[in-house]
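# Turn this into a structure:
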Amino acid sequence: MIQHLVTTVALELGGIDILVNHAVNSVPGTFLELSDETWMNHINVNIIGYVRSAHEVIPHMIRRWWAYHQHRRDGGTSGRTSHH
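Have a look, this model is predicted:
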């Protein structure tokens, strides 16, 4: 699901410049009241979700950064037509 979303955004918008990870899953209860299942769900959303998102987005950001700097180094002759 994340891969599809990232690919779609990159294609439709011409790249990705920034990632804001703001998914949060919070369940009321004390440490001792929460089950292992609840903790695993919390970890999957709040940590693993961030990792998965970054894993998919960072390669797009690196390509965009590299293309931008190649364009600048080449004096604008590398064929990049972005708004940067």
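# Could you use CA atoms for every contact and neighbour count after this?
Fine.
# neighbours of residue 11, just the number please.
Residue 11 is flanked by 10 other residues according to other Cα atoms under 10 Å.
# next one: residue 38
The number of residues packed near residue 38 is 14, by other Cα under 10 Å.
# Now the element after the helix or strand harbouring it, going C-ward?
Residue 38 is part of helix 36-43 when elements are defined by DSSP states H and E. Next along the chain after helix 36-43, taking DSSP H and E as the criterion, comes helix 49-73.
# and that next one, what does it pack onto?
For helix 49-73, the packing partners by 3 or more Cα pairs under 8 Å, 6 or more residues apart in numbering; DSSP states H and E come out as helix 2-13.
# helices or strands next to the helix it packs on in the packing?
Where contact means 3+ Cα pairs under 8 Å, 6+ apart, helix 2-13 is packed against helix 49-73.
# Next, the angle from the helix it packs on to helix 36-43.
If you take axes from the mean of the first three to the mean of the last three Cα atoms, to 10 degrees, helix 49-73 sits at 10 degrees to helix 36-43.
# start the count at 11, not 1, going forward
Okay, using 11 as the starting number, the last item reads as helix 59-83.
# Averaged pLDDT, helix 59-83. What do you get?
The predicted model assigns helix 59-83 a mean pLDDT of 83.
# Tell me how far that helix lies from the chain's centre.
A distance of 9 Å separates the centroid of the chain from that of helix 59-83, by Cα atoms, centre = their mean, to the nearest Å.
# Hey, what's the angle from it to helix 12-23? Just curious.
Interaxial angle, helix 59-83 versus helix 12-23 (the same axes, to 10 degrees): 30 degrees.
# Residue 44 sits in which helix or strand?
Counting by DSSP H and E, residue 44 is part of no helix or strand.
# and it, how far is that from residue 75?
43 Å (Cα to Cα, to the nearest Å).
# and if you look at residue 59?
The spacing between residue 59 and residue 75, counted by Cα to Cα, is 24 Å.
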